[in-house]
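Engineer: Quick one, structure for this:
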Amino acid sequence: MATKPSNNIWIRRQQCPCGDWKCFIKYDGDDQMLVSSQTIKNEMTPSSSSPEAVFTPYVGQIFKSDNDAFEYYSNFARKNGFSIRKARSTESQNLGIYRRDFVCYRSGFNQPRKKANVEHHRERKSVRCGCDAKLYLTKEIVDGGIQWYVSQFSNVHNHELLEDDQVRLLPAYRKIQEADQERILLLSKAGFPVNRIVKVLELEKGVQPGQLPFIEKDVRNFVRTCKKTVQENDALLTEKRENDMQELVEACKAMTDKDADFTYDYTTDENGKVENIAWSCGESVRAYTVFGDVVTFDTTYRSITYGLLLGVWLGVDNYGNAILFGCVLLQDESSNSFAWALQTFVRFMRGRYPETILTDIDPGLGDAIAREFSNTKHVICTWHILSKLSSWFSILLGSKYSDFRSEFDILCDLESIENFEHQWDPFVARFGLVSDKHIALLSSFRASWPVAYIRSYFVARSLTAEFSQSIDSFFKRILNGQTCLHGFFEQIGLAANFTKANKAGMHFMPLKTCMPIEEHARSILTPYAFNVLQREIMLSMQYAMTELANGSYLVQHYKKMDTERLVIWMSDNEQIHCSCKEFEHSGILCRHAIRLLVLKNYFQLPQKYLLLRWQRESSIAPIDDQNPQSSDECAQAFHSVAENLLTESLISQERFNYVHRELTGILEQVKNMPVIDEFAVNVAANNVSES
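Structural biologist: Sure thing, here's the model as predicted:
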């Protein structure tokens, strides 16, 4: 049977990077999995759960149609441990079919069939035993309307009735729902054997083995029946993919007329059909000149319709938002395909390589990065690894998995390479995973994911939970409901408009200390970067410093709640080096270095520690500065009025009640005002830049 097109052509990649085609990944918290889990619960709940279905049919019972009667009797049968089938029907010229006979599935006897001259034919044992349980319907016309009534009913069986966990396995109740049919066909096409398909479905739906509403035999029969249809669909799908890819190329060509800096490239096969295609808009290229130091290459999605791998190059701007640098669609996940994608990306970005690239764990991609980005630091995003741990180890380790996960998190956060190397092998041996393929995969990338190795790599806060959520939000915007490549291309074009994203983060940040260093930082950094630095400034007050030799200082938390840090100060060039390496990692000074600057009587941060990528003036959004009133002036004027109002209102209870009532009303009016307001935008714009 033909499959119904999915509402969304994009799904998470579920093939495990370990290289075993039988290995399946279930992402923690995946919405699709939650839906599937809920679906199976609904499917496994019999329709007879309604109060009506538990009542025994009786002679004279009325139904609107014969189908209603069959469903009612079927629900009753399932509750009582048997199934039913349709027997004979009686028809007349005037009434049409006027009698329906429904009987127990074991009613009657199998008649012996004539066999061909086969010496050893297989004898199948029949389940029919002459059971007399039945329900007969008769049609009648009442007041010009048709109704059916029960003319005969018997619930006497000459065989044992089944328990609930057995009756669900009867053929009448084993049904493969449409969503499962699509999944089965997809896995079958990928080469999964039937027994593996069943296990995958059990994992996806979160049910115990053998608890699906169908059995392995049903899956095998379904795949065999659909084989011809699948081949026909593949031919149609290939044609549709070729047409859509060509349409995407034409859309790219058309975009070059609208955006002179828009760039794209593609490869073709021996027949001239488009294989791989990549593109980037002019605004993305310009953004890369400012924020191209750190690039996230996300390859976690693929097209369920076309089998294409989606790769998206993302960066983080000075407001902490995910910004788009470019996209690529690849026919396969080979090292050569990834190498072409990386080469094309650098060419789009005018030959400039990123300082750091963050990716999922993938051997093919890792090899391509090592060849094409040899001078770029490669980091495996922590959340990609953590999302796979449950699929890799939860079943294998059973009750030990929680301990494994806890120890893994500790190892992942160790700051010393020596400590990590010293503890990794004993950790693997303790859980009996020395020969495990997934542990071997993690070990092969050990220089790219543990904190001990990547702490000195600059990642511009791309490993934070906030940025991970920003990426998830980005993909939800561009992928949901996109049923064709052209629609996806248009949505990507909208996502590349950074103006709105930048202005969304423009807001006034109040000072929380009396330190001049904080006020200086607020005047230069974006609210996002300042918020991070402000927290470090406040926490710096909780640390004591002990001077050592040669300009070194030992920084300790007053309650010993943090590791001791060694801070080295070189006064000649105002260089600060802290053992926590936070500035090298995020580009924002740590609390330990700030504590030293305060000790050295610094009232402003040295310019070298206010990176241009975190400054307001680095914004790529156009800014209107026609309103000369700055946010600081607005805040000062507001505080002055509020102070006088408070003084006057405290003179009497009547004054206080009046001020409180009026201010409450004003607050509600302000909340209900339009979000886009010219004055607020101008103030926010001046808060970002004076350009």
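Engineer: The lengthiest helix in the chain - contacts with which helices or strands?
Structural biologist: For the chain, the helix reaching the highest residue count under DSSP state H is reported as helix 216-258. Other helices and strands packing on helix 216-258, by 3 or more CB pairs under 8 Å, 6 or more residues apart in numbering; DSSP states H and E, are helix 178-189, helix 194-205, strand 263-268, strand 274-280, helix 485-495. Just so you know, the C-beta spots here come from the backbone N, C-alpha and C atoms, and that holds for glycine as well.
Engineer: ok, now which ones touch residue 589?
Structural biologist: Listed by CB atoms under 8 Å, 6 or more residues apart in numbering, the contact set of residue 589 reads 533, 536, 576, 582, 583, 605, 609.
Engineer: Among these, which one is most surrounded by other residues?
Structural biologist: Within these, most neighbours by other CB atoms under 10 Å means residue 533, with 25 neighbours.
Engineer: Could you tell me the phi and psi values at that residue?
Structural biologist: The phi and psi values for residue 533, taken as degrees, to the nearest 10, are phi -70, psi -40.
Engineer: isn't it right next to residue 588, touching?
Structural biologist: Yes: contact status for residue 533 versus residue 588: in contact at 5.3 Å, counting by CB atoms under 8 Å.
Engineer: and of the contacts of residue 589, the nearest to residue 308?
Structural biologist: residue 582 (39.5 Å; CB to CB).
Engineer: pLDDT-wise, which helix or strand of this structure ranks last?
Structural biologist: In the chain, no helix or strand scores lower on mean pLDDT, DSSP states H and E than helix 31-44, which sits at a mean of 38.
Engineer: contact partners of the following helix or strand past it?
Structural biologist: Toward the C-terminus, helix 31-44 is succeeded by strand 62-63 as the next helix or strand (DSSP states H and E). By CB under 8 Å, 6+ apart, the residues outside strand 62-63 that reach it are 69, 72, 137, 147, 148, 149, 150.
Engineer: from the contacts of residue 589, which single one is nearest residue 373?
Structural biologist: Distances from those to residue 373 were compared by CB to CB; the smallest belongs to residue 583, at 23.7 Å.
Engineer: if I've got this straight, the closest one is in a helix?
Structural biologist: Yes: counting by DSSP: H, G, I helix; E, B strand; the rest coil, residue 583 falls inside a helix.
Engineer: which residue sits closest to it in space, ignoring its chain neighbours?
Structural biologist: Beyond its immediate neighbours in the sequence, the residue positioned closest to residue 583 (CB to CB, 6 or more residues apart in numbering) is residue 589, lying 5.4 Å away.
Engineer: The one you found sits in which helix or strand?
Structural biologist: Assigned by DSSP H and E, residue 589 belongs to no helix or strand.
Engineer: Which pLDDT value does the model give residue 237?
Structural biologist: On pLDDT, residue 237 comes in at 71.
Engineer: Distance of it relative to residue 540?
Structural biologist: Using CB to CB, to the nearest Å, we find residue 237 at a distance of 60 Å from residue 540.
Engineer: Neighbour count: these two, which is higher?
Structural biologist: For the pair residue 237 and residue 540, the greater number of neighbours falls to residue 540 (23 against 14), based on other CB under 10 Å.
Engineer: which stretches of the stretch 501-650 of the chain aren't confidently modelled?
Structural biologist: Within the stretch 501-650 of the chain, the ranges that satisfy pLDDT under 70 run 501-508, 619-637, 639-640.
Engineer: same thing but at 50, please
Structural biologist: Counting by pLDDT under 50, the stretch 501-650 of the chain contains low-confidence residues at 501-505, 622-630.
Engineer: Show me the strands in it, by range?
Structural biologist: 543-547, 552-557, 565-570, 575-578 (DSSP state E, counting those that start in this stretch).
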